[in-house]
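Trainee: When you get a sec, could you give me coordinates for this:
(chains A and B)
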Amino acid sequence: MTTDAEEAGLIARMQNGDLEAFDGIVRRFLQRAYLIAYRLLGDHHDAEDLVQEAFMTALQNIQRFDRRRPFGPWFYRILVNRGVNQRRARRVRQMEPLDPGKFATEAAGPAVDAERASLRAAIAEAMATLSERERLIIQLHEVDGFSGEEIAAMLEIPAGTVRWHLHQARRRLRAKLAVNQECR
Amino acid sequence: MNPQLPLQRDEALAEALRLGGAAVRLDGVDWEGLRQTITSRARAERYPTPRFLWWEVAAQRRRLAVAASLGALLSAALLSRDRPADTPTKGTELVLPSESVALAHLVHVIQVEEGFTALIRASGGDLFAGWREP
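Mentor: Reported below is the predicted structural model:
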């Protein structure tokens, strides 16, 4: 796996103590890190805290990082490990429960809103049937756009296992959504 | 997205998930504030500077010394070979510093850098402590 030259340059400067380079890395990875953190903790404040901690941990350990490798998977592993530990330690909230009321929709008219609310309720119900891991993987892949390889690296599991979880999650979601449709 | 649409295609299912509220709303996140908080913390907290382990520096210098000594040995050997026939043979002629002999011996015995580094570390920094000329 290779990395682009600009990223490698930033990492090299970080390893020499350049905090401007660290800022460049933060700009590059902040949004995706936040997405993962939110997926893990299901709360915006907790996600912000986790992202901060993950960046600080990466900075503290940057000398150990092999800059010939891409930074993302290494950093996301730090983030996920911390997030999983945090979730266990606090015995907190489940994954974001997909509360239909929590997701504001653009003004689209009462009929469309009603239809979307119905879909949200069906999806939330279907997602609740998945295991935590399946839910995390399908959200990261199908909704947030992470590749199977990226997810495998951040969760430290084989890519084949990610594919298997995706397959299982899709199968369960389809089954559940089909039942919902029949009930209407 | 109509929930009645067939979800057998992966793309259709993904679209249903996105429209069904599974997408994270990021428009309320203060990205600039979060970025500044992180970089401020980095400035405030102790930042580790590159660490140079003394034996790595020592190994680097010794490797250079080995290369230089081997170069000197090779040059001396080549000069000796090219001398006229009435001059003494190279075996009796060459007077090499004991360190060069020691280094040549080490290179022959140890071969690889890892072994060399380990030896330096184990020797407590004085590579030639206890060295006796053969």
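Trainee: packing partners for the helix or strand bottoming out on mean pLDDT in chain A?
Mentor: Lowest by mean pLDDT, DSSP states H and E among the helices and strands of chain A is helix A:110-127, with a mean of 78. Applying 3 or more Cβ pairs under 8 Å, 6 or more residues apart in numbering or on different chains; DSSP states H and E, we find helix A:110-127 packed against helix A:159-183, helix B:10-17. To be clear about C-beta, it is placed using only N, CA and C from the backbone, and glycine gets the same treatment.
Trainee: switch the cut-off to 10 Å
Mentor: For helix A:110-127, the elements it packs on are helix A:132-138, helix A:159-183, helix B:10-17, judged by 3 or more Cβ pairs under 10 Å, 6 or more residues apart in numbering or on different chains; DSSP states H and E.
Trainee: Listing request: residues of the chain with sub-threshold pLDDT.
Mentor: All of this is about chain A. A:1-3, A:91-113, A:179-184 (pLDDT under 70).
Trainee: Can you look at chain B instead?
Mentor: In chain B (pLDDT under 70), the answer is B:1-8, B:46-57, B:76-134.
Trainee: ok and the residue in it nearest chain A?
Mentor: B:Gly20 (3.1 Å; Cβ to the nearest Cβ).
Trainee: Quick check: chain neighbours aside, which residue is closest to that residue?
Mentor: Nearest in space to B:Gly20, with sequence neighbours left out and distances taken as Cβ to Cβ, 6 or more residues apart in numbering or on different chains, is A:Ile123 at 3.1 Å.
Trainee: how many neighbours does that neighbour have?
Mentor: 25 (other Cβ atoms under 10 Å in any protein chain shown).
Trainee: returning to what we had before: can you classify the residue of chain B closest to chain A as helix, strand or coil?
Mentor: What DSSP: H, G, I helix; E, B strand; the rest coil gives for B:Gly20 is helix.
Trainee: For it, give its distance to A:Leu136.
Mentor: 17 Å (Cβ to Cβ, to the nearest Å).
Trainee: out of the two, which sits in the more crowded spot?
Mentor: Counted by other Cβ under 10 Å, B:Gly20 and A:Leu136 do not tie: B:Gly20 has more neighbours, with 26 against 23.
Trainee: Run a quick check on A:Gly160 versus A:Gly148, I expect a contact.
Mentor: Yes. Counting by Cβ atoms under 10 Å, A:Gly160 does reach A:Gly148; the two are 9.1 Å apart.
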